[in-house]
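> next comes the sequence, and after it the predicted model I'd like to discuss.
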Amino acid sequence: MRYCEIKIELANEEKAAVHTLLIERQLSFQEVDASTLDAPPEGRTRFFLYLGDDEREQIPPILDAVRQAVPAVEIDVRDRDEDEWRDVWKKFFTTRRIGRLAIVPSWETAAHTPVDDEITLHLEPGRAFGTGGHESTRLCMLLLERLTDRFRYRVSLFSRLAEQLHVRAPSSLWTVAQEAASPSEAPAILDVGCGSGVLAITALQLFPKTQAVAIDIDPEAVEVTQENAERNQVSDRLRCDTTPLERLDQRFAIVLANLTGPTLIELAAPLAAHLNQGGVLIVAGILEAEVQVVQAAFLAQGLIETTRATEGEWAALEFLRVQPVRGAVITGPPTPEASQAQAMSRGRASKRP
């Protein structure tokens, strides 16, 4: 099978604009920086996109949009066959570690030896966003792992969340139960814009007695998530489809959304509405310049910020719902505060270099 490879290279300070553009166009890509084996020159970042023959009509508008966003960009387009495509990925995607989490590509599975206390995720990269190569994915995974650390202490703010995740305390310390989940249990985790499914799968690995729902508007992302769920033996605990967020009629203990700043602001109300009391919302894909307005949008929904993590120019925020929630899930229009924050964020985005 033939593929078209698009390589986009630009200065580091310009990469945010292209990253946002690719996300908004729902394109799967790999971001390559100085931390990868196939590193670009110092001060430069590369994006790789792989499109099949049936997607070639997308190439001209993609290239036009990239050049409009960053006039000084360097773009190379070439045809490759499937074997070459896999070989290119193998050059710069090796096992990545994020705290106790290890993301292992399929071609390293046989040779991989887990370290003590490791949680291993097996992924086939390339067809959907979310391989742990981008800061926003790593930050989400880091905040998820930190949640488990909080259950070592009897912190009242998180005790209700622990109950919803089936975390029990047989002694003075919280421990995560390892038994299989019952098929009749309601899902506890929601991953919005799941991409490769890496966040939902991470959460299911961290909380073995829970179930999850993963949604994405891209049918191929749904397919990739299902494949990765099977690869990680959690497919019996994960439901993945293209159901719109506003059509979900249940609440969750953990809601994950690795999107973009403006999109998060636009979805602040429905994301918050799907959160149980004591539940945690983790959002990422936020540039440092957007943190304040994104935070304001979620504070306006009655949530409180409990922590944040940053890497480079990217940030992830964690919010907690303390107040009780009653009645059906209602996902109406954004509050005036959220609408104002969204307008401010779009104004800043339009001024990015």
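Received it, and whenever you're ready, just let me know what you need.
> and the helices in the stretch 101-250 of the chain?
Taking DSSP state H, counting those that start in this stretch as the test, the helices found in the stretch 101-250 of the chain are 135-150, 156-164, 198-206, 219-231.
> ok, Leu121 - how many residues close by?
24 (other C-beta atoms under 10 Å). Bear in mind the C-beta positions are built from the backbone N, C-alpha and C, glycine included.
> actually Glu227, not the one I wrote
Applying other C-beta under 10 Å, we find 17 residues neighbouring Glu227.
> ok, now how distant is it from His122?
10 Å (C-beta to C-beta, to the nearest Å).
> ditto for Arg160
32 Å.
> residues contacting stretch 211-219, please?
Under the criterion C-beta atoms under 8 Å, 6 or more residues apart in numbering, residues 26, 128, 181, 185-195, 197, 200, 203-204, 222, 225, 237-245, 248, 252 lie in contact with stretch 211-219.
> start to end distance for stretch 190-200?
Using C-alpha to C-alpha, to the nearest Å, one end of stretch 190-200 lies 7 Å from the other.
> can you check stretch 6-23 too?
15 Å.
> what comes into contact with that stretch?
By C-beta under 8 Å, 6+ apart, stretch 6-23 touches 29, 31, 33, 40, 43-51, 59, 62-63, 65-66, 69-70, 72-78, 129, 134, 259-260, 285, 287, 313, 349, 352-353.
> which members of these are positioned in helices?
Judged by DSSP state H, the contacts of stretch 6-23 include Ile59, Ile62, Leu63, Ala65, Val66, Ala69, Ala349 as members of helices.
> and stretch 10-30, which residues are buried?
For stretch 10-30, a neighbour-count test (16 or more other C-beta atoms under 10 Å) marks 10, 14-23, 27-30 as buried.
> out of those residues, what pair is the most spread apart?
The span of the buried residues of stretch 10-30, defined through C-beta to C-beta, is set by Glu14 and Ser28 at 20.7 Å.
> what about stretch 289-299, average pLDDT?
Stretch 289-299 comes out with an average pLDDT of 94.
> centre of the chain versus it, how much separation?
Relative to the centre of its chain, stretch 289-299 is centred 18 Å away, using C-alpha atoms, centre = their mean, to the nearest Å.
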